[in-house]
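Visitor: sequence unknown, structure follows:
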């Protein structure tokens, strides 16, 4: 892909809904506008052996990977925290190797190719739960479920700081930790350019994209339960298929979600 960019997602086989979510994620790439070829550039990182088996059994993904260190350390009782740190460390390693990347959670449906929407002046472009209209405003509530990072000195140093910060703020999720450290004096001094993505294009259940002609991704954010996420994302796929088939006129199109997902 352009500029040594790869797409990365992580899969946790501990949840019963994971396989269905993985299938739905792959389906969105197959039925999106100009997205099917992106499957060839997608690296699926399994966080356990069950997730690895899922990835391989679907015969959709060219690159299914697991890290031995993840499998060993996942036996720790603090599994979610360990997995979060492994993810940050993994993505830091990708940058060190000279690859830029788009990271995506499985609960983000890809309906169009996002590459052209990333600001060329940004070092890191990240989705938002709530977007205030100014992409450079650090008061936007970022969501680490979808973001693009260029491989350069700024992002490499930022990721090292992000990983190190888990010792300063133990117990925080990667998302909460990101929103905290992006406001820090160190990150401001570093000079990294962080761009918050417009929810008109990169929307979700917190703040939807109302114009189907613009929408690029749909994220099942502001939704706690995996069953509810899965239900509503299936509805998104159904709505998208109707739009693509011309079953609904553009002026009359309206997403039916969120249904089961609530704040």
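Guide: Happy to help now that I have it. Not measured: the values here are computed from a predicted model. Numbers count the residues shown, from 1 in each chain.
Visitor: alpha carbons only for contacts and neighbour counts from here, please
Guide: OK.
Visitor: what kind of secondary structure is the nearest residue to residue 55 once chain neighbours are set aside in?
Guide: Spatial nearest neighbour of residue 55, chain neighbours left out: residue 64 (6.1 Å); criterion: Cα to Cα, 6 or more residues apart in numbering. Secondary structure state of residue 64, per DSSP: H, G, I helix; E, B strand; the rest coil, is strand.
Visitor: does residue 64 touch residue 41 like I think?
Guide: No - between residue 64 and residue 41 there is no contact under Cα atoms under 8 Å: 11.3 Å.
Visitor: what's the neighbour count on the residue nearest to residue 55?
Guide: Other residues near residue 64 come to 19 when the count uses other Cα atoms under 10 Å.
Visitor: now do residue 243
Guide: 17.
Visitor: so which residues of the stretch 101-250 of the chain form strands?
Guide: 108-110, 124-130, 141-149, 194-196, 202-204, 217-219 (DSSP state E, counting those that start in this stretch).
Visitor: so which of those gets nearest residue 33?
Guide: Evaluated with Cα to Cα, these place strand 108-110 nearest to residue 33, the distance being 8.9 Å.
Visitor: partners of the residue nearest to residue 55 in the sheet?
Guide: residue 44 (DSSP bridges).
Visitor: wait, what's in contact with it?
Guide: 43-46, 52, 55-56 (Cα atoms under 8 Å, 6 or more residues apart in numbering).
Visitor: one more time with 7 Å
Guide: By Cα atoms under 7 Å, 6 or more residues apart in numbering, the contact list for residue 64 reads 43-45, 52, 55-56.
Visitor: for residue 219, same thing?
Guide: By Cα under 7 Å, 6+ apart, the residues touching residue 219 are 107-109, 203-205.
Visitor: can we see that at 10 Å?
Guide: For residue 219, the contact set (Cα atoms under 10 Å, 6 or more residues apart in numbering) comprises 104-110, 127-129, 143, 145-146, 202-208, 229, 233.
Visitor: what's the burial count for residue 93?
Guide: 15.
Visitor: same question for the helix or strand it falls within, mean pLDDT?
Guide: When elements are assigned from DSSP states H and E, residue 93 belongs to helix 79-96. Regarding helix 79-96, the rounded mean pLDDT is 79.
Visitor: the helices in the stretch 151-263 of the chain, which residues?
Guide: For the stretch 151-263 of the chain, helices defined by DSSP state H, counting those that start in this stretch occupy the ranges 153-164, 174-181, 185-190, 226-244.
Visitor: okay, the ones you listed in CSV with distance to residue 34 and mean pLDDT next?
Guide: Shown next, in CSV, are the helices of the stretch 151-263 of the chain (distance: least, Cα to Cα, whole Å; pLDDT from 0 to 100):
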stretch, distance to residue 34, mean pLDDT
helix 153-164, 28, 97
helix 174-181, 29, 96
helix 185-190, 35, 97
helix 226-244, 13, 96
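Visitor: need these in a markdown table with distance to residue 93, can you?
Guide: Below are the helices of the stretch 151-263 of the chain laid out as a markdown table (distance: least, Cα to Cα, whole Å):
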| stretch | distance to residue 93 |
| --- | --- |
| helix 153-164 | 9 |
| helix 174-181 | 17 |
| helix 185-190 | 19 |
| helix 226-244 | 29 |
